[in-house]
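>>> sequence isn't available, so here's the structure alone:
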């Protein structure tokens, strides 16, 4: 399976945003006094594309497929792209709070620790549908790390996800609106990058 092997903090500093949510990711970026060069339109579009790919941990080939699917949609292509990415199973596992990063969420899915509507699913790119219940397998609910993640990551109180603390599960209530998705990215620039 292909994985992103680039240093995470270095990527965050280059893109100018803390993609992984780690408190030390931007430490050296804030203290550096490098002179900033003027960036071309192409450069700005490229940065936004790289940022969005990094947020969701998707590689170029798969990302391009998502962009093509979004462009076929009748509504705004940028919003459609965000909705497709946000409904990936690994991302939903992260948003519910089972994992403290998308990388950890993807590993949990790959290892078969996640159930969708009571059935084991080990495909991180699976598209979660409205009303799907995503839960942690029974035997892993005693794991201290997963319990701490699920209870402590209550900062993900998103309007499109309903958490059930008693049953270690979450449900996708609706397809999220662009304003509800907790990332900072110019998705229109991403679509423009691929439209050229």
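Arrived safely. Note that the coordinates shown come from a computational prediction; the quantities given were computed from them, not determined experimentally.

>>> and the residue nearest the centre of the chain, what does it touch?
Against the mean C-alpha coordinate of the chain, by C-alpha atoms, centre = their mean, the closest residue is residue 56 at 3.5 Å. Residues in contact with residue 56 (C-beta atoms under 8 Å, 6 or more residues apart in numbering) are 85, 88, 91, 102. All C-beta atoms are positioned from the backbone trio N, CA, C, and that covers glycine.

>>> taking these, please make a ChimeraX selection of just the buried ones.
Selection of buried members from the contacts of residue 56 for ChimeraX, criterion 16 or more other C-beta atoms under 10 Å:
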select :85,88,91,102
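
>>> secondary structure added to the contacts of residue 56, as TSV?
Converted to TSV, these look like this (DSSP: H, G, I helix; E, B strand; the rest coil):
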residue	secondary structure
85	helix
88	strand
91	helix
102	helix
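
>>> can I get the contacts of residue 56 in CSV with pLDDT and distance to residue 75?
Listed next are the contacts of residue 56 as CSV, based on pLDDT from 0 to 100; distance: C-beta to C-beta, whole Å:
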residue, pLDDT, distance to residue 75
85, 94, 15
88, 95, 19
91, 93, 20
102, 85, 25
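
>>> element containing residue 170, please.
According to DSSP states H and E, residue 170 maps onto strand 169-172.

>>> typo on my end, residue 80
helix 77-86.

>>> likewise for residue 44?
Per DSSP H and E, the secondary structure element for residue 44 is helix 41-56.

>>> quick check: can you list the domain ranges of the protein?
Domain assignment for the chain by automatic domain parsing gives 8-22+39-82+184-195, 88-174.

>>> could you point out which residue ranges in the protein have low pLDDT?
1-16, 18-36, 153-156 (pLDDT under 70).

>>> do that again at 80, thanks
Within the chain, the segments meeting pLDDT under 80 span 1-37, 74-76, 152-157, 196.

>>> can you give me the strands in it?
Along the chain, counting by DSSP state E, strands occupy 114-116, 119-120, 133-136, 161-164, 169-172.

>>> turn those into TSV, including distance to residue 40.
Output for the strands of the chain, formatted as TSV (distance: least, C-beta to C-beta, whole Å):
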stretch	distance to residue 40
strand 114-116	42
strand 119-120	47
strand 133-136	41
strand 161-164	38
strand 169-172	39
